[in-house]
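Asks: sharing a model that was predicted from the sequence below.
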Amino acid sequence: MKKDYGNLLESVRSKKPLIHHITNYVTVNDCANITLAIGASPVMADDLNESADITGISSALVLNMGTLNERTIKSMLIAGKAANKARIPVVFDPVGVGASSFRNQTASQILEDVKVSVLRGNISEIRRIAGMQSTTKGVDASHEDMLNTDDAITVTKTLSSKLGCVVAVTGAIDVVSYGEKAVCIENGNPMMSNITGTGCMCSSLIGSFCGAAPDLLFDATVSALLAMGIAGEIAFEKAGEKGNGSFRVALHDAVSSMDAKTLTGRAKLYEA
Amino acid sequence: MKKDYGNLLESVRSKKPLIHHITNYVTVNDCANITLAIGASPVMADDLNESADITGISSALVLNMGTLNERTIKSMLIAGKAANKARIPVVFDPVGVGASSFRNQTASQILEDVKVSVLRGNISEIRRIAGMQSTTKGVDASHEDMLNTDDAITVTKTLSSKLGCVVAVTGAIDVVSYGEKAVCIENGNPMMSNITGTGCMCSSLIGSFCGAAPDLLFDATVSALLAMGIAGEIAFEKAGEKGNGSFRVALHDAVSSMDAKTLTGRAKLYEA
Amino acid sequence: MKKDYGNLLESVRSKKPLIHHITNYVTVNDCANITLAIGASPVMADDLNESADITGISSALVLNMGTLNERTIKSMLIAGKAANKARIPVVFDPVGVGASSFRNQTASQILEDVKVSVLRGNISEIRRIAGMQSTTKGVDASHEDMLNTDDAITVTKTLSSKLGCVVAVTGAIDVVSYGEKAVCIENGNPMMSNITGTGCMCSSLIGSFCGAAPDLLFDATVSALLAMGIAGEIAFEKAGEKGNGSFRVALHDAVSSMDAKTLTGRAKLYEA
């Protein structure tokens, strides 16, 4: 089961792909810093006068609906289409879908108009996009939705098959599915949900890995989630008892210090 | 005088109230992280297509005018009215009022159209809203305005009585007034004014406590300011000599590590 | 060659100039915190209803095109003209110029309509503005563009002469030119390019120094870059091996702890 995911990390570091983000203003700084920490290069540009141009010079596009507004929805659609035309991967993070009809409509429109390569969300968000009942708590998964790993696996596989893209559910256990392949990842630490942006940062890492390996979307997504999960474990070991602020700093440290050996060696994953 | 403010902290931690923020993009990440650190759950959504919906699923609303713009003013008014209708607390932080007529007009409009539960600002901002002379320095209180605690008490009491809401002035000494009650809080550390966002974070903490205890707005506000002030003291003890970056990290650590015993035990407050 | 740059730092600390930023939402928090760390006071306000008013109470204006949009371009032009009228320094950071025609047009328009006091960018950005061939990688300088210090000196001098303002190229070696004067600064550490916002923070520091010493724009710019470069060295000594997160915290620590003696004593600069 253990592929050499470290190879993909080295690929990110050597190619330094440019990752275009249209994302929210809450965690955008974390997204930029984590993209740099993994070895890629971030660019954030959300005006419709340039969103297609910036996508055109990039290796992947990350669309994140965290602080959605009418202006940037248009830019997301234009950039998404430009990415499809340029055949670069599109990562879609439907933050908070289920929390308002505006978010529900926007997520539907993006999935209709743009060929998404990787869809990543928490279980509440992914259930909602799969058309299943889901209870959301703002931008966080609800406790009820998180209880059942078997359910998460089923939803992820079904939605991946329906949308024809990689689907990743992140949480205590991450699930990634694409075509015939599906894995569960057990890396990570509960403290990751105590700071804002860990989900958004996962999407940025997925964008970084997919930008470096556009023909290996499944493996790239798994590698990104391994990197984040293992970094969370290392951060907890180093700074967990100090508190949220130190944990966050240690998380960025751990991603920037991640090497291929650690990524492969500490990976805890199994077929789903 | 010393109530068991720790109880309220435990209430935030157990209820994990969802706190809707329409806030500025300078300190929004700090606000989200401090809300998580105290045990509540932040959601930031500022588009008028969803601001009422998001308020509708939340336990409190925080309106912060730090980076005001025409688009989000409308969203603030809609969200504020939705909060009033849903009878959830509204915290208003009139950042930089006095610095431009645009800010003055917006603050007036919010106070006219929305029933605010807690108004929090620095002394220059609160003097301005009280219709008194005030000199402002951008978003910081002016030196002249900060000199006189007796004056701060008078202004706070008068404005609270006029507006019929909790009024909190934060600074070297915090003053909170509501109805017959008024206290001064002496916790805190001067280094808190060396980093951006400590005022905004106070408002997020007030939102978190009020969301957990909507029938105890005065005590909730006092508890929030105690938590912030005591965290500032602890952060200074741990990291003050290292510099601003470490102090900021330690501040987040201290809020996330705050327990009921520390909150009650270290509280330095007296009737005003 | 070694002037007493420390004097200028002390001037920032004693005058605490208010620095109006219209800047991007990726690094705005870093810009606010670094402005406070050097001893100045930041205010971020980008609505066209108040941008001139806020400039009117400020000591310097920083325009940063990192996340450009149509709304804030108008505010930048209005604020820029207000700054010219009030005779306060304008620092212009043409982030990502070359990455889209929208950015190219905006940079041209700002330089046409506003009398800029200091232009700061990476070598790719400055080459582009000078009308020379340049390859850009999103918002980062391209490797090819960075190779030649002699070229950077020539471009900087030529552009400074053409625009009649201070021009600063920052990178492994910084070059600053104005009129007859030109220097190279060798302070800094490569790790500074591993975190987002070091360029933006340089512009904020330049704004802070120019706001305190508006009649010494060249020396103020050099002092700001020395402060940032030396802080980068100190941060690397303290935290470089820990990773990106710790390095970033240590950078803010080092700026806030910078004293006149360190600034002058560690300065490595020579005439260009």
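Replies: Perfect, I can see it now.
Asks: can you give me the strands in the stretch 1-150 of chain A?
Replies: Along the stretch 1-150 of chain A, counting by DSSP state E, counting those that start in this stretch, strands occupy A:18-22, A:41-44, A:60-64, A:90-93, A:118-121, A:136-137, A:140-141.
Asks: and the residue nearest to A:D140 when sequence neighbours are not counted, what's its pLDDT?
Replies: Nearest-residue entry for A:D140: B:S41, 5.8 Å, with adjacent residues in sequence omitted and distances by CB to CB, 6 or more residues apart in numbering or on different chains. All C-beta spots, glycine's among them, are computed from the backbone N, C-alpha and C. The per-residue pLDDT reported for B:S41 equals 98.
Asks: ditto for the one 4 residues further on
Replies: Per-residue confidence for B:A45 comes out at a pLDDT of 97.
Asks: please apply the same query to A:E144.
Replies: Per the predicted model, pLDDT is 65 at A:E144.
Asks: what's the top helix by length along chain A packed up against?
Replies: Identified as the longest helix of chain A according to DSSP state H is helix A:217-239. If you count contacts as 3 or more CB pairs under 8 Å, 6 or more residues apart in numbering or on different chains; DSSP states H and E, helix A:217-239 packs onto helix A:5-15, strand A:118-121, strand A:166-169, strand A:174-178, strand A:181-185, helix A:198-212, helix A:244-257, helix A:260-265.
Asks: who wins for proximity to A:L63 among the ones you listed?
Replies: For the helices and strands packed on helix A:217-239, the distance to A:L63 is smallest for helix A:198-212, at 8.8 Å, taking CB to CB.
Asks: residues in the stretch 101-250 of chain A within reach of chain B, list them.
Replies: Within the stretch 101-250 of chain A, the positions near chain B by CB under 8 Å from any CB of the partner chain are A:101-103, A:137-140, A:194-197, A:242-246, A:248-249.
Asks: circling back to that earlier point, can you list the buried residues in the longest helix of chain A?
Replies: For helix A:217-239, the neighbour count (16 or more other CB atoms under 10 Å in any protein chain shown) marks A:217-236, A:238-239 as buried.
Asks: and what of stretch A:79-98?
Replies: Within stretch A:79-98, the residues that count as buried by 16+ other CB under 10 Å are A:79-84, A:88-98.
Asks: Provide a list of residues in contact with the residue of the stretch 51-200 of chain A found nearest chain B.
Replies: Going by CB to the nearest CB, chain B is nearest to A:G138 of the stretch 51-200 of chain A, at 3.4 Å. By CB atoms under 8 Å, 6 or more residues apart in numbering or on different chains, the contact list for A:G138 reads A:G96, A:A99, B:L18, B:H20, B:S41, B:P42, B:V43, B:I54, B:I57, B:S58.
Asks: can you check A:S75 too?
Replies: By CB under 8 Å, 6+ apart, the contact list for A:S75 reads A:I22, A:D46, A:D47, A:L48, A:S51.
Asks: counting neighbours, which of those comes out on top?
Replies: Among the contacts of A:S75, the one with the most neighbours (other CB atoms under 10 Å in any protein chain shown) is A:S51, at 27 neighbours.
Asks: comparing the strands of the stretch 1-150 of chain A by mean pLDDT, which bottoms out?
Replies: Among the strands of the stretch 1-150 of chain A, strand A:136-137 scores lowest, at a mean of 68.
Asks: got a list of what the spatially closest residue to A:G197 that is not a sequence neighbour touches?
Replies: Using CB to CB, 6+ apart and skipping residues adjacent in sequence, the residue nearest A:G197 is A:T27, 3.4 Å away. Contacts here follow CB under 8 Å, 6+ apart; on that basis A:T27 touches A:G66, A:T196, A:G197, A:C200, A:M201, B:N29, B:A32.
Asks: and the first one, how many neighbours?
Replies: This means A:G66. A total of 25 residues lie near A:G66 under the criterion other CB under 10 Å.
Asks: do the same with the fifth one
Replies: Burial of A:M201, expressed as a neighbour count using other CB under 10 Å, amounts to 26.
Asks: ok now stretch A:140-159, how far from the chain's centre?
Replies: Relative to the chain's own centre, stretch A:140-159 is displaced by 16 Å; criterion: CA atoms, centre = their mean, to the nearest Å.
Asks: list the buried residues in it.
Replies: For stretch A:140-159, a neighbour-count test (16+ other CB under 10 Å) marks A:140-142, A:145-146, A:149, A:151-157, A:159 as buried.
Asks: what about A:M191, how many neighbours?
Replies: Other residues within reach of A:M191, judged by other CB under 10 Å, total 22.
Asks: tell me the angle the host helix or strand of A:S161 makes with helix A:217-239.
Replies: Assessed by DSSP states H and E, A:S161 sits inside helix A:149-163. Counting by axes from the mean of the first three to the mean of the last three CA atoms, to 10 degrees, helix A:149-163 lies at 140 degrees to helix A:217-239.
Asks: verify the stated contact: A:S256 with A:A40.
Replies: No. Shown here, A:S256 and A:A40 do not form a contact pair, counting by CB atoms under 8 Å, at 11.8 Å.
Asks: residues near the closest residue to A:G243 other than its chain neighbours, how many?
Replies: Leaving aside its chain neighbours, A:G243 sits nearest to B:D253 (2.9 Å; criterion: CB to CB, 6+ apart). For B:D253, the tally of surrounding residues (other CB under 10 Å) stands at 26.
Asks: correct me, but B:D253 touches A:G240?
Replies: No. Using CB under 8 Å, B:D253 makes no contact with A:G240, being 10.8 Å away.
Asks: end to end, how far does stretch A:181-196 reach?
Replies: Stretch A:181-196 has its terminal residues 30 Å apart, counting by CA to CA, to the nearest Å.
Asks: output the longest helix of chain A as PDB - backbone C-alpha positions only.
Replies: Extracted C-alpha coordinates of helix A:217-239, given in PDB (Å, rounded to 0.1, in the frame of the first residue of the first chain):
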ATOM      1  CA  LEU A 217      -4.300  13.500  -9.200                       C
ATOM      2  CA  PHE A 218      -5.200  10.800  -6.700                       C
ATOM      3  CA  ASP A 219      -1.700  10.200  -5.500                       C
ATOM      4  CA  ALA A 220      -1.100  14.000  -5.400                       C
ATOM      5  CA  THR A 221      -4.200  14.400  -3.200                       C
ATOM      6  CA  VAL A 222      -3.200  11.600  -0.900                       C
ATOM      7  CA  SER A 223       0.400  13.000  -0.600                       C
ATOM      8  CA  ALA A 224      -1.000  16.400   0.300                       C
ATOM      9  CA  LEU A 225      -3.200  15.100   3.000                       C
ATOM     10  CA  LEU A 226      -0.400  12.900   4.400                       C
ATOM     11  CA  ALA A 227       1.900  16.000   4.500                       C
ATOM     12  CA  MET A 228      -0.800  17.900   6.400                       C
ATOM     13  CA  GLY A 229      -1.700  15.100   8.800                       C
ATOM     14  CA  ILE A 230       1.900  14.200   9.600                       C
ATOM     15  CA  ALA A 231       2.700  17.900  10.100                       C
ATOM     16  CA  GLY A 232      -0.200  18.100  12.500                       C
ATOM     17  CA  GLU A 233       1.300  15.200  14.500                       C
ATOM     18  CA  ILE A 234       4.700  16.700  14.600                       C
ATOM     19  CA  ALA A 235       3.400  20.100  15.600                       C
ATOM     20  CA  PHE A 236       1.400  18.500  18.400                       C
ATOM     21  CA  GLU A 237       4.600  16.700  19.700                       C
ATOM     22  CA  LYS A 238       6.500  19.900  19.600                       C
ATOM     23  CA  ALA A 239       4.000  22.500  20.800                       C
END
